[in-house]
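A.B. asks: I'd like to go over a predicted model; first the sequence, then the structure.
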Amino acid sequence: SKTIKSKRIGLSKNDIKDSFLENLFFHIGRVPKGATIMDYYQALAYTVRDRVFKEFVTTVKRISDEDLRVVAYLSAEYLPGPHLANNLLSLGITEQTAAAMAELGIDMEELILQEEEPGLGNGGLGRLASCYLDSMATIGIPSIAYGIRYEFGIFEQHIKNGLQEEYTDKWLQYGNPWEVVRSEIGYNIMFGGSTKHVTDSNGNFTVNWIPDSKLRGTAYDTPILGYKGYGSILRLWRAEAIDTFDFSAYNKGDYYKAVQEKILSENITKVLYPNDEQETGKELRLKQQYFFVSCSLQDLIRLHLLQGRILDTLHEKFAIQLNDTHPAIAVAELMRLLVDDYQIDWDKSWNITQRCFGYTNHTLLPEALEKWSIPLFRRVLPRHLEIIYEINHRFVQELKYQHGCSDEQLSRMALIDHSGEGSIRMAHLATVGSHKVNGVSALHSELLKKHVLYDFAQLWPDKFCNVTNGISPRRFIALSNPLLTGLITETIGSGWLTDLKELSKLENMAEDPTFQNKWMAIKQTNKASLSDHIKLETGISVDPSMMFDVHVKRIHEYKRQHLNVLNILHLYLQIKKGNNKDMIPMAFIFAGKAAPGYFMAKLIIKLITAVGDLINQDTEVNDKLKVIFLPDFSVKKAQHIYPAADLSEQISMAGKEASGTGNMKLSLNGALTIGTLDGANVEMMEEIGMDNFFLFGLNAEEVQHKKQGNYKPGDHYVHNLHLREVMDFLISGALSPENPKLFQPIYEQLLYDDPYMIMADFESYLISRAKVYEEWGNQSNWTKKSIINVARMGKFSSDRSIQDYSSLIWKIDSFQNRP
Ligand SMILES: CCc1ccc([C@H](C)CC(=O)N[C@@H]2O[C@H](CO)[C@@H](O)[C@H](O)[C@H]2O)cc1
């Protein structure tokens, strides 16, 4: 095939320099003199984008030329992080580009910092989707990822007087050089109205949906380049009015009406819902979900027919993965398209649908499981409600007559929950409409089969499987920790970045003093760099020789940031009492956003900052203790924090964290983990070994047992002096003299309810921490364990996860294994 020959994509230093100057002139309309840093960044972004395109266009061409089977990943959230440095790494041109910029007197690091990251996600689920995109492009799984192009992403977090404040995220304020608008690729999307069931002259029965509003979805493509690999597409949909301006209204002077449709339409993709694990049931959220799902499925059908295929074979061409229930309406939408628009009979359509979809569940929290109210659904998607009723009816019939299910079972398994005004269980729709359902860690997948989807797992045991999460080693070590990457590559070669299992070769260096010193020196350098960043962001100076104890993730009661705070208060009170003279200096570093409407999470942030204010200015203790809350946690910030961590806090109540991925990122950067037997911590400990992991707390079964045994948190308060001290300190007013009762809600919830067993796990946590402090005392032994941790993290690459999805669910070959 004719490959593009042009200096525009040359990879040499001079080619890059020339292209940069050309793009500065032709794209930005500037010459170096008078150009701003942002102009330089944009010019470099276009220069790198051109080189990404080469791979991207080649891969897309190959997929259509060879009519390959393709994975379509449907996710309402993505957290790609900044693109520039990652694309330089994937192209393998970081050095020569930095040299080209230096010759022009430009510091490339400064340009890299200019990029606003697309914060199109809340946390774990969104970032996982982006790690998977990187892995599919690296391994060479033909793939296309669909999502929503929110105009405003996750809010910017500011901490004022210790409280979280939310600010609009203006990621698009300087435009986005990494995306290409595909104005011709667009689809009409309908909402509301009613349906008309008609039987035409030759007795064919069809249903017409007469919507009461229509708008258009337009594709914006961001090319994704794999590491020395292939290309993939992140296709995000933006909502626009079909008629953006109503001239007749304007002529009548009704200027608002003239633009009304435009405003209402664009509202659909205006902003990301900032709720993580809390379902809100808002109409706009349902419209967002349906909007991007319908655009995506119409696009897949267009691509399929373009290949000259018939819809009967849609499932042979596309493996469609549902990233949680947020895109689950896709099951009903594909049925509508096949039955109503392409007149394919129901059973055949249903067969195609089930064989197309796979569904990944990411949470067991009851409040996070989406259930849409029937009245809302009827108002927004009347035809889909009919289709879901039909799916439900046929399913219940099957349960009744083929499986002899009892009425309780039927009402437990039905897609429709008839209680109250009635609601649709989206997890049931996704499960019934898919051929495979998976959890995201071994423990989570087991709990999914034992609890949330128990009846379905009994009915269809083969439908259920597990794919443990993974992380991209490109972004989360090669990009974020170049020093450690350099040391590892010089020690075991560079193959590990695409085959993480190779890290095991490091194991025999674990006790080598020279290697250990290099290892420790790198950690120290990364800690010093983070310490500078902390000083810049918070004004607080942290001595890099302290142990950096890192707790960074969304703020949520089940993640138990407040258990960590109780431990810090214990240390503080011990020092104040003159005990702990020999305690090791500790810097506790927190970061994470709370959903704006989540009262307890926001109060926990205030508690962390209040404890920080008390300790950091107390000269009796602040040489031993520092407590930092770093604002506005993001992918960009995370890349700065993970390489500097000594200890990783993964202390969720067992059975609540589906997997966790921050745990993997911290461990891969040499941090040791203190954690519970929850999510992927279990598999990490299996790989890393009990001796190299600080385990504590109740396991999932013990939690269940204790909950059934009417758990009395107050008993722990009575019997544990240290716990009583810190609890009483919470409401002593010392932390909030202006409002002594400020933390009463936390105090009372822990004492009388404690749904996340903080009181029960407090003692075991402290015991495990004592071991941490003891081990830290022997730096060479600690470093040995840190090296072993990294050496045994091979399993947790997102490349391995994608290989599991490919073999267990998608049945697809990678380019690599194709001739
Ligand atoms: C309806 C509101 C809502 C929004 C997002 C979510 C996500 C599923 C929350 C999420 O990100 N879950 C996290 O997913 C990660 C990737 O699998 C896991 O590693 C985390 O354990 C899980 O909390 C649930 C409900």
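C.D. replies: Sure thing, it's come through. Residues are numbered from 1 along each chain as shown.
A.B. asks: CA only for contacts and neighbour counts going forward, please
C.D. replies: Fine.
A.B. asks: which residues touch stretch 235-254?
C.D. replies: 144-150, 214-222, 255, 257-259, 261-269, 292, 295 (C-alpha atoms under 8 Å, 6 or more residues apart in numbering).
A.B. asks: which parts of the stretch 201-350 of the chain sit against the ligand?
C.D. replies: Asn275, Asp276, Glu277, Gln278, Glu279 (C-alpha under 6 Å from any ligand atom).
A.B. asks: adding pLDDT, write those out as TSV.
C.D. replies: Formatted as TSV, those follow (pLDDT from 0 to 100):
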residue	pLDDT
Asn275	88
Asp276	83
Glu277	77
Gln278	73
Glu279	77
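A.B. asks: between the residues you listed, which is closest to Ser201?
C.D. replies: In terms of C-alpha to C-alpha, no member of these lies closer to Ser201 than Glu279, at 46.0 Å.
A.B. asks: so the closest one belongs to a helix, correct?
C.D. replies: No. Applying DSSP: H, G, I helix; E, B strand; the rest coil, one finds Glu279 to be coil, outside a helix.
A.B. asks: please name the nearest non-neighbouring residue to it.
C.D. replies: Nearest non-adjacent residue to Glu279, counting by C-alpha to C-alpha, 6 or more residues apart in numbering: Ala368, 5.1 Å away.
A.B. asks: now for Val467, how many residues are close by?
C.D. replies: When neighbours are defined as other C-alpha atoms under 10 Å, Val467 has 22 of them.
A.B. asks: swap in Leu530?
C.D. replies: Leu530: 22 neighbours (other C-alpha under 10 Å).
A.B. asks: which of the helices or strands spans it?
C.D. replies: helix 513-538 (DSSP states H and E).
A.B. asks: what residues sit buried inside that helix?
C.D. replies: By 16 or more other C-alpha atoms under 10 Å, the buried positions in helix 513-538 come out as 515-516, 519-520, 522-524, 526-534.
A.B. asks: which residues touch the residue nearest to Gln157 when sequence neighbours are not counted?
C.D. replies: With C-alpha to C-alpha, 6+ apart as the criterion, Gln157 has its nearest non-adjacent residue at 4.5 Å, and that residue is Asp632. Contact analysis of Asp632 by C-alpha under 8 Å, 6+ apart lists Glu156, Gln157, His158, Ala591, Gly592, Lys593.
A.B. asks: the fifth one and Ile641, how far apart?
C.D. replies: It stands for Gly592. For Gly592, the distance to Ile641 equals 12 Å [C-alpha to C-alpha, to the nearest Å].
A.B. asks: repeat for the last one
C.D. replies: For Lys593, the distance to Ile641 under the criterion C-alpha to C-alpha works out to 15 Å.
A.B. asks: still on that earlier bit, which pair of the contacts of Asp632 spans the longest distance?
C.D. replies: Glu156 and Ala591 (12.8 Å).
A.B. asks: between these two, tell me which one has more neighbours.
C.D. replies: Neighbour count, other C-alpha under 10 Å: between Glu156 and Ala591, Ala591 has more, with 23 against 18.
A.B. asks: could you double-check that the more buried one lies in contact with His551?
C.D. replies: Yes. Checked against C-alpha atoms under 8 Å, the pair Ala591 and His551 is within contact range at 6.7 Å.
A.B. asks: burial count for Asn508?
C.D. replies: Counted by other C-alpha under 10 Å, the residues lying close to Asn508 total 12.
A.B. asks: and it, what are its phi and psi?
C.D. replies: phi -80, psi 0 (degrees, to the nearest 10).
A.B. asks: can you tell me which residues contact it?
C.D. replies: By C-alpha under 8 Å, 6+ apart, the contact set of Asn508 is empty.
A.B. asks: tell me which parts of this structure are close to the ligand?
C.D. replies: Contact residues (C-alpha under 6 Å from any ligand atom) of the chain with the ligand: 123-125, 128, 275-279, 362-363, 368, 370, 440, 657-661.
A.B. asks: which ones among those residues lie within helices?
C.D. replies: Among these, the members falling in helices are Gly124, Leu125, Leu128 (criterion: DSSP state H).
A.B. asks: and stretch 757-766, which residues are buried?
C.D. replies: Quick answer for stretch 757-766 (16+ other C-alpha under 10 Å): Met757, Ile758, Met759, Ala760, Asp761, Phe762, Glu763, Tyr765, Leu766.
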